[in-house]
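[1] Could you look at this predicted model? Sequence included:
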Amino acid sequence: MDLHYRVAIFGSARIEEGDQDYLDVFTIARGLAEAGFDIVTGGGPGLMQAANAGSKSIHSGTHSIGLNIRLPREQNANAFLDIKEEFDRFSTRLDTFMELSDAVVVAPGGIGTLLELFYAWQLVQVEHICETPIILYGEIWSNLLLWLETEVMARKLFKKGDMHMIFHVMEPDQVVGLIKQIHSDRLKEEHACRNFAKYRKALESENEELKGKTPGE
C-alpha cells in the first residue's frame, strides 16, 4: 500500500450535519480511509467536516488533513483534523491542495468548490499534473457537464479529450471503488492516467446496471 496516497475532497461549507450530502461524503471518506488513503479538505465546516469526520471514524492509521483559509467571516477549523495548515490566500492554498493530492472528489458546493474544480481541471489539462482523476459526485453536476459539452465544447473552446480525467459518479461506493482501482493500477504502471477511458467505460456499465434494477433490489 502506498501510504502517501491522498484524496482531496472539495465541497460546501454550508451543508449541515444530517443532510444527505453530508452523510454521503462521510461514507466516501470513511471508505477511502479504510482503503488506506489520507483525506485532504479545506478543514472547515459542512462537507469538509463530513470528509474529515469520515476519515477519523475508523482507526486506519491514515491522516485527516485540513488546509484552512482565513476569511473576513472567520471559518473555524473542524474538530476532526490530524494535521492543519492555515492560509491567507486562496492561490497558495489551491497549489498546496494539488501538490498533496493524488485524486480529487468534488462534492456539491458553490463558488469556492467550483474554483477548486476548475483549478484542478486546468492543471491536468495543461499537463502540469497527469495522474489526478477529478471525480464529480452527485446529480448537481449533471447540468454543468451538459452545458460544457453542448455550449463550450460545441464552440470548439476545448476538446473532448480535455475531459478525459473527469468522472461523474452518483453512488458513494462507486467513488471509493474507482479511486481504489486507479490506485491499484498506479502501483503497477507509471502512468495510470492512460487507463482513464477504461475506468469511464466500467462506470458507464455500472450505471446502466443500476438503472435496470427495480427499487428494493
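    That came through, no problem.

[2] The chain: helices as residue ranges?
    Counting by DSSP state H, the chain has helices at residues 20-34, 47-56, 90-100, 111-125, 142-147, 172-188, 196-212.

[3] ok and the fourth one relative to helix 90-100, angle-wise?
    Meaning helix 111-125. What separates the directions of helix 111-125 and helix 90-100 is an angle of 50 degrees, with axes from the mean of the first three to the mean of the last three C-alpha atoms, to 10 degrees.

[4] if I look at residue 141, how far off is residue 31?
    20 Å (C-beta to C-beta, to the nearest Å). (Glycine included, C-beta is placed from N, CA and C.)

[5] burial count for residue 59?
    Look at residue 59: counted by other C-beta atoms under 10 Å, it has 7 neighbours.

[6] Spit out the contact partners of it.
    By C-beta atoms under 8 Å, 6 or more residues apart in numbering, the contact set of residue 59 is empty.

[7] closest to residue 131 out of the helices of the chain?
    helix 172-188 (6.3 Å; C-beta to C-beta).

[8] elements contacting the closest one?
    helix 20-34, strand 103-106, strand 134-137, strand 166-169, helix 196-212 (3 or more C-beta pairs under 8 Å, 6 or more residues apart in numbering; DSSP states H and E).

[9] With residue 7 as the reference, measure out to residue 84.
    Distance, residue 84 to residue 7, by C-beta to C-beta: 17 Å.

[10] who has more neighbours, those two?
    residue 7 (29 against 14).

[11] what residue lies at the spatial centre of the chain?
    Centroid check for the chain by C-alpha atoms, centre = their mean gives residue 105 as the closest residue, at 0.7 Å.

[12] Go ahead and confirm that one touches residue 176.
    No. Using C-beta atoms under 8 Å as the test, residue 105 is too far from residue 176 to be in contact (9.7 Å).

[13] Can you pull the residues that touch both of the two?
    residue 28.

[14] Many thanks, have a good one.
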